[in-house]
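Asks: Need a 3D model of the sequence below.
(2 chains)
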Amino acid sequence: MKIEEEKNAIIEEFELFDDWMDRYNYIIEMGKTTDGLSDEFKTKQYLISGCQSQVWLTAAMQEGKVHFKADSDAIITKGIVQLLLRVANNRTPDEIVNEDYSFLDKIGLKEHLSPTRSNGLTSMIKQIRLYALVFKTKESQNNN
Amino acid sequence: MNLDIPSIRTDFPILSRSIRGKQLVYFDNGATNQKPIEVIERMSDYYRNINSNVHRGVHFLSQIATDAMENARATVRDFLHAASIEEIIFTKGTTESINLVAHSYGKAFVRAGDEIIVSEMEHHANIVPWQMLCEEKGAILKVAKVNDDGSLDLDYLNSLFTPRTKLLAITHISNVMGIINPIQQIISHAHQNGIHVLVDGAQAVPHTPVDVQTLDADFYVFSSHKMYGPMGVGILYGKHELLQKMPPYQTGGEMIKEVSFEKTTFNELPFKFEAGTPMVAEILGLATAIEYIQRLGISNIEAYEKELFSYANQQLIQIKGITILGTAVNKASTISFNLEGIHHYDLGSLLDQMGFAVRTGNHCAQPLMNRMKLDGTVRVSFAVYNTTDEIDLFVQGVQKAQLMLL
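Replies: Residues are numbered from 1 along each chain as shown, chains lettered A, B, ... in the order given. Alright, predicted model coming up:
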């Protein structure tokens, strides 16, 4: 799926929910059932520190696409991380850098991106972009 | 006297608003509490009818503004039972009050090799200024320990006192656990060893009577916004003889007597520590908040909040898997807790969806969290307008969130 299609798919999934409880149950379920990172990656090196919850993020480049894996100590944060990765994963660095991730507003999760939440998500988006930029720079150097 | 809580609730306009279609339940009073209408109106009245710069003009409005501000100082003096109005300094809040003392007391009294004591249960605002001072002066920061039940280890504290100890900076009531330190006894022991004491009273003044002369505190600091007053103003109470010996914190207008390019002499107390135009509307709002507290009676507030606290405690401990942080007996209107297998951020996020305002995280007290081996907690903290009905709703909310998360 293209990045736009993926975002629209998520927005459509959330439109099915009647209230906040359904929305959160879905996110919680996603947080619970998705494989996170194994403990060897839950280290300072991969940590994006929030004051409330922590996020760990790894990235690798394969055939021009960036692959992320992430985890969080909080279930809701972990669930939202998975939504972000559905959009950001397996994309080119350019796609990742140009995406503003504001689709979260449309599915009623805006408050989790507020800097006052300090749950690591805002910093995670920055970090996703940063990884993409680094891969892009490396790529262009290799091509030269 | 029994307080008429339904009537008190109508004094607070914000309490009638809803959050995401649900009635607001505001349990984040430890962060800041809500303002009665008379405080809001007093500030508005200042800008509508009085606004003018203080201590400067001879014109009518300036006189009225100056009188109002100085009456407010007298109200604070009365509230704290301080010996004189010269001991009441207006600051931006607790944080600025502590920074002022760290800077000015530090300049006058602290030398290389001297010692300052803080405790493990301090808010960052009562740690970092002392750390900075110690770094600058080559002084040593010592840390008093907290017992497993959250109370202060008094024997250990006393063992830290040496002839080089200059000052002990300690909280009256823990912002995380609500634990009340035996502050009078602590001050008395410190004084027997020739040590000055700064008390962080931010979590105490809205909940319990404070008499700085009975306590014999050298410095007592707090914020207006945690006691029904506006944000942006706070108090530094300091003993006259100490404040006299301390150099100014900030310099500029208002705090000077005579200025020439050769030499400037400083104004008398309290103005020496109040450089620049003060926040007059906020100061008047604070005075009105104090009058509001005095009208209800701080002892009545304390008694009512104790009822709320015990009720909440009784109800919360029935929730399966709950752990309350700080089990020491002497506590005030704040409960921090965790549920087994549930992250505080998850619980807080769901409670937010249900219209409950609570605090989650480390509460600006990372050393305490490390000591208790926690990443954070969910904290509820009560004010006089909270009710047992709200607590019942909250307990149901916590149980609902628990079902969703486990």
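
Asks: For the closest residue to chain A within the stretch 101-250 of chain B, list the residues it contacts.
Replies: Taking CB to the nearest CB as the measure, the stretch 101-250 of chain B has B:His124 as its residue closest to chain A, at 11.3 Å. The C-beta positions use only the backbone N, C-alpha and C, and glycine is treated the same way. For B:His124, the contact set (CB atoms under 8 Å, 6 or more residues apart in numbering or on different chains) comprises B:Cys364, B:Ala365, B:Gln366.

Asks: Most neighbours among those residues, which one?
Replies: B:Ala365 (27 neighbours; other CB atoms under 10 Å in any protein chain shown).

Asks: how much space between that one and chain A?
Replies: 12 Å (CB to the nearest CB, to the nearest Å).

Asks: With adjacent residues omitted, what lies nearest to that residue?
Replies: Nearest non-adjacent residue to B:Ala365, counting by CB to CB, 6 or more residues apart in numbering or on different chains: B:Val176, 5.0 Å away.

Asks: Touching the one helix or strand B:Arg295 maps to from outside, list them.
Replies: With secondary structure defined by DSSP states H and E, B:Arg295 is part of helix B:280-296. Helix B:280-296 is contacted by residues B:3, B:8, B:11, B:35-36, B:38-40, B:42-43, B:46-47, B:51, B:54, B:65, B:68-69, B:71-73, B:75-76, B:79, B:90, B:206, B:224, B:227-233, B:235, B:301, B:384 when judged by CB under 8 Å, 6+ apart.

Asks: Mind checking which of those residues land in helices?
Replies: Residues of the contacts of helix B:280-296 located in helices (DSSP state H): B:8, B:38-40, B:42-43, B:65, B:68-69, B:71-73, B:75-76, B:79, B:301.

Asks: which one of those residues sits closest to B:Ala401?
Replies: B:Ile8 (28.8 Å; CB to CB).

Asks: quick one on the thing from earlier: tell me the most packed of the ones in helices among the contacts of helix B:280-296, by neighbour count.
Replies: That'd be B:Val39 among those, by other CB under 10 Å, with 26 neighbours.

Asks: what about the residue located most distally from the centre of chain B, is that helix, strand or coil?
Replies: Most distant from the centre of chain B: B:Glu262, at 40.5 Å, with distances by CA atoms, centre = their mean. With DSSP: H, G, I helix; E, B strand; the rest coil as the basis, B:Glu262 sits in coil.

Asks: Now for it: which residues touch it?
Replies: Counting by CB under 8 Å, 6+ apart, B:Glu262 has no contacts.

Asks: Count the neighbours of B:Ile256 for me.
Replies: 16.

Asks: just checking, it touches B:Phe266?
Replies: Yes. Judged on CB atoms under 8 Å, B:Ile256 makes contact with B:Phe266 at a distance of 6.0 Å.

Asks: Show me the helices in chain A, by range?
Replies: A:3-15, A:20-33, A:75-88, A:93-98, A:103-106, A:121-143.

Asks: Stretch A:70-85 and chain B, are they touching?
Replies: Yes. Residues of stretch A:70-85 contacting chain B under CB under 8 Å from any CB of the partner chain: A:Asp73, A:Ala74, A:Ile75, A:Ile76, A:Thr77.

Asks: I'd like the residues you listed laid out as TSV, including neighbour count and pLDDT.
Replies: Conversion of those to TSV gives the following (neighbours: other CB atoms under 10 Å in any protein chain shown; pLDDT from 0 to 100):
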residue	neighbour count	pLDDT
A:Asp73	21	91
A:Ala74	29	93
A:Ile75	25	95
A:Ile76	26	93
A:Thr77	29	91
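
Asks: how about those residues, which pair is most distant?
Replies: For the residues of stretch A:70-85 next to chain B, the farthest-apart pair by CB to CB is A:Asp73 and A:Ile76; their separation is 10.8 Å.

Asks: residues contacting the residue nearest the centre of chain A?
Replies: By CA atoms, centre = their mean, chain A has its centre lying nearest to A:Leu84, at 3.1 Å. Contact partners of A:Leu84, counting by CB under 8 Å, 6+ apart, are A:Ala70, A:Tyr101, A:Leu104, A:Leu121, A:Met124, A:Ile125, A:Ile128.

Asks: Against which helices or strands is whatever helix or strand B:Glu258 lives in packed?
Replies: Using DSSP H and E, B:Glu258 falls within strand B:256-259. Using 3 or more CB pairs under 8 Å, 6 or more residues apart in numbering or on different chains; DSSP states H and E, the elements in contact with strand B:256-259 are strand B:264-266.

Asks: Return the set of buried residues in the strand it packs on.
Replies: By neighbour count on 16 or more other CB atoms under 10 Å in any protein chain shown, the buried set for strand B:264-266 is B:Phe266.

Asks: Please apply the same query to stretch A:54-70.
Replies: Buried residues in stretch A:54-70, counting neighbours by 16+ other CB under 10 Å, are found at A:Gln54, A:Val55, A:Trp56, A:Leu57, A:Ala59, A:Met61, A:Val66, A:Phe68, A:Lys69, A:Ala70.

Asks: Next, give me the two most distant ones among those.
Replies: Largest separation among these by CB to CB: A:Gln54 and A:Met61, giving 24.6 Å.

Asks: Would you mind measuring from B:Lys51 to chain A?
Replies: In this structure residue B:51 is Asn, not Lys. 32 Å.

Asks: which residues sit in contact with that residue?
Replies: Residues in contact with B:Asn51 (CB under 8 Å, 6+ apart) are B:Leu61, B:Ala65, B:Val280, B:Ala281.

Asks: and of the ones in helices among the contacts of helix B:280-296, the nearest to B:Ile116?
Replies: B:Val76 (26.7 Å).

Asks: Contact residues of chain A facing chain B?
Replies: So chain A meets chain B at A:20-21, A:24-25, A:28, A:51-54, A:73-77, A:111-112, A:118-119 (CB under 8 Å from any CB).

Asks: can you tell me how far the nearest residue to A:Ile3 once chain neighbours are set aside sits from A:Ile128?
Replies: Closest residue in space to A:Ile3, ignoring its immediate chain neighbours: A:Glu95 at 5.4 Å, by CB to CB, 6+ apart. Using CB to CB, to the nearest Å, A:Glu95 is found at 11 Å from A:Ile128.

Asks: More neighbours: which of these two?
Replies: A:Ile128 (26 against 17).

Asks: any idea how far the more buried one is from A:Glu5?
Replies: Distance, A:Ile128 to A:Glu5, using CB to CB: 19 Å.

Asks: wait, what's in contact with B:Tyr311?
Replies: Applying CB under 8 Å, 6+ apart to B:Tyr311 gives the contacts B:Thr388, B:Ile391.

Asks: Could you count how many residues lie near B:Thr95?
Replies: Neighbours of B:Thr95 (other CB under 10 Å): 20.

Asks: Ignoring the adjacent residues along the chain, who's closest to it?
Replies: B:Ala125 (4.4 Å).

Asks: tell me the SS of the one you found?
Replies: Classification of B:Ala125 using three-state DSSP returns helix.

Asks: residues touching it, list them.
Replies: B:Thr94, B:Thr95, B:Ile98, B:Asp200, B:Cys364.

Asks: now swap in B:Phe266 and tell me
Replies: Neighbouring residues of B:Phe266 by CB under 8 Å, 6+ apart: B:Pro248, B:Met255, B:Ile256, B:Lys257, B:Lys272.

Asks: Using neighbour counts, trim those residues to the buried set.
Replies: B:Pro248, B:Met255, B:Ile256, B:Lys272.

Asks: could I get these as TSV with pLDDT?
Replies: Below are the buried ones among the contacts of B:Phe266 laid out as TSV (pLDDT from 0 to 100):
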residue	pLDDT
B:Pro248	95
B:Met255	84
B:Ile256	82
B:Lys272	94
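
Asks: Tabulate those (a markdown table), appending distance to B:His240.
Replies: Formatted as a markdown table, those follow (distance: CB to CB, whole Å):
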| residue | distance to B:His240 |
| --- | --- |
| B:Pro248 | 16 |
| B:Met255 | 17 |
| B:Ile256 | 20 |
| B:Lys272 | 12 |
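
Asks: circling back to that earlier point, what is the nearest of the contacts of B:Phe266 to A:Lys32?
Replies: Nearest to A:Lys32 among those is B:Pro248, at 57.8 Å by CB to CB.
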